[in-house]
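Colleague: Structure for this input, please:
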Amino acid sequence: MTRMEQRAIISDSTKYFKSHEPLPLELGGELPGVKVAYRTWGKLNAEKSNVILVCHALTGNADADSWWCGMFGEGRAFDETKDFIICSNVIGSCYGSTGPLSRNPLTGKHYGPDFPRITIRDIVNVQRLLLRSLGIERIRLVVGASLGGMQVLEWGAMYPEMAGALMPMGISGRHSAWCIAQSEAQRQAIAADAEWQDGWYDPATQPRKGLAAARMMAMCTYRCFENYQQRFGRQQREDGLFEAESYVRHQGDKLVERFDANTYVTLTRAMDMHDLGRGRESYEATLAALTMPVEILSIDSDVLYPKEEQEELARLIPGSRLLFLDEPYGHDAFLIDTDTVSRMVCEFKEKI
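Modeller: Presented below is the predicted three-dimensional model:
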């Protein structure tokens, strides 16, 4: 285990699913096997009808009760007294699942930048393998935001017989040019770091400045103009730094201590490939085929995935319902106003 893997916060309750079968990948090639870190809460009922699958965002992990803690509890969205909740760490990540920090069993070396290109569909395919290993053939609700929302939509498109209902939040049906440009700027910040060396580096030292800069760029899109103005304005600290400067630097430094640069590149590229219409009849036809109950959460102040994209989803998915979270927090509002988000999920659960 590398130092980076040791630094990753992995709960004592984490379980692991392993498959030694080769995993074909959508863009070509394969993984010789996969390991998936996952967590569960609550108990699976006799009918296996109470499963909720929680899908995490870019730098998240299987510990949903940590990064989305306000959603857990009796009477809340994820109620352990009633629900069987599952959250798995996506492949390509650095929190226990097979990713760039893992050792390739065929070479004995870390994958590093040689980790194969993956897509959201590959991620969902592995989640399906995990669920089937647990004897689960039906999911009552698939829910997630951002990268998690991409997984939610692909669950509906890939495995409609398993996905009973979908609740994607703060996401589009295909990654926009705006988002792709943001991702590439962040990847280039990592590549500009002297430690990068075409993706090979000591995980203990890794391209810290580049990864921190990428995170700082991302934080400018995870929040919004109003949030930064209200929270920081033009306030300065005693050392002369603006409070806004200090905030993004702090966020960059925090990510470097818990994440990996090759992982960041791998997952942002997977997000850029997100397009429900790719390789299918058409984008519109794919959304029209989602006949299970769907509620879409849009964040009014989201500058990364603006509400027009969720409005498009609602127009194209038959019978879907569009909800709005009117908070001045930007894209990250789903993590902040958990009281409102939890209530929305609870109300949806009552209908399905």
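
Colleague: With just CA atoms, put stretch 183-193 into PDB.
Modeller: C-alpha atoms of stretch 183-193 as PDB (Å, rounded to 0.1, in the frame of the first residue of the first chain):
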ATOM      1  CA  SER A 183     -11.600  19.900 -16.900                       C
ATOM      2  CA  GLU A 184      -8.800  20.400 -19.400                       C
ATOM      3  CA  ALA A 185      -7.600  23.600 -17.700                       C
ATOM      4  CA  GLN A 186      -7.300  21.700 -14.400                       C
ATOM      5  CA  ARG A 187      -5.500  18.800 -16.100                       C
ATOM      6  CA  GLN A 188      -3.000  21.200 -17.700                       C
ATOM      7  CA  ALA A 189      -2.400  22.700 -14.300                       C
ATOM      8  CA  ILE A 190      -1.400  19.300 -13.000                       C
ATOM      9  CA  ALA A 191       0.700  18.600 -16.200                       C
ATOM     10  CA  ALA A 192       2.600  21.900 -15.700                       C
ATOM     11  CA  ASP A 193       3.900  20.700 -12.300                       C
END
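
Colleague: got the buried residues for it?
Modeller: By neighbour count on 16 or more other Cβ atoms under 10 Å, the buried set for stretch 183-193 is 183, 186, 187, 189, 190, 191, 193. Where you see a C-beta, it was placed from the backbone N, CA and C, and this is true even at glycine.

Colleague: contacts for that stretch?
Modeller: Stretch 183-193 has contacts (Cβ atoms under 8 Å, 6 or more residues apart in numbering) with 196, 207-211, 213-215, 217-218, 261, 264-265, 268-269, 271-272.

Colleague: ok, which stretches of the stretch 51-200 of the chain are helices?
Modeller: In the stretch 51-200 of the chain, the helices defined using DSSP state H, counting those that start in this stretch lie at 64-67, 120-133, 147-158, 177-191.

Colleague: quick one: which of those helices is nearest residue 58?
Modeller: Among these, the nearest to residue 58 by Cβ to Cβ is helix 147-158 (4.9 Å).

Colleague: and that closest one, average pLDDT?
Modeller: Computed over helix 147-158, the mean pLDDT rounds to 98.

Colleague: ok now it, how far from the chain's centre?
Modeller: 10 Å (Cα atoms, centre = their mean, to the nearest Å).

Colleague: what's the nearest residue to the spatially most central residue of the chain if we skip its chain neighbours?
Modeller: What sits nearest the mean C-alpha location of the chain, by Cα atoms, centre = their mean, is residue 57, with 2.1 Å. Spatial nearest neighbour of residue 57, chain neighbours left out: residue 146 (4.0 Å); criterion: Cβ to Cβ, 6 or more residues apart in numbering.

Colleague: roughly how far apart are that neighbour and residue 246?
Modeller: Residue 146 sits 25 Å away from residue 246 when distances are taken as Cβ to Cβ, to the nearest Å.

Colleague: Tell me which of the two has more neighbours.
Modeller: Neighbours were counted for residue 146 and for residue 246 using other Cβ atoms under 10 Å; residue 146 has more, 26 against 15.

Colleague: Ignoring the adjacent residues along the chain, who's closest to residue 74?
Modeller: Here the residue nearest residue 74, using Cβ to Cβ, 6+ apart, is residue 81, at 5.4 Å.

Colleague: any idea of the pLDDT on the one you found?
Modeller: So residue 81 comes in at 97 (pLDDT).

Colleague: what's the neighbour count on it?
Modeller: Counted with other Cβ under 10 Å, the neighbours of residue 81 add up to 9.

Colleague: okay, and for this protein, where does confidence drop off?
Modeller: Scanning the chain for pLDDT under 70 picks out 1-11.

Colleague: Domain ranges for it, per the record?
Modeller: The record's domain split for the chain, according to automatic domain parsing, is 3-175+276-351, 179-270.

Colleague: buried ones in stretch 29-39?
Modeller: So stretch 29-39, judged by 16+ other Cβ under 10 Å, has buried residues 31, 33, 34, 35, 36, 37, 38, 39.

Colleague: so how far is residue 32 from the nearest residue to the second one once chain neighbours are set aside?
Modeller: In space, residue 33 comes closest to residue 20 once its chain neighbours are excluded; the distance is 4.5 Å by Cβ to Cβ, 6+ apart. From residue 20 over to residue 32 the distance is 8 Å, taken as Cβ to Cβ.

Colleague: sorry, back to before: tell me which residues touch the residue nearest to the centre of the chain, please.
Modeller: 144, 145, 146, 147, 148.
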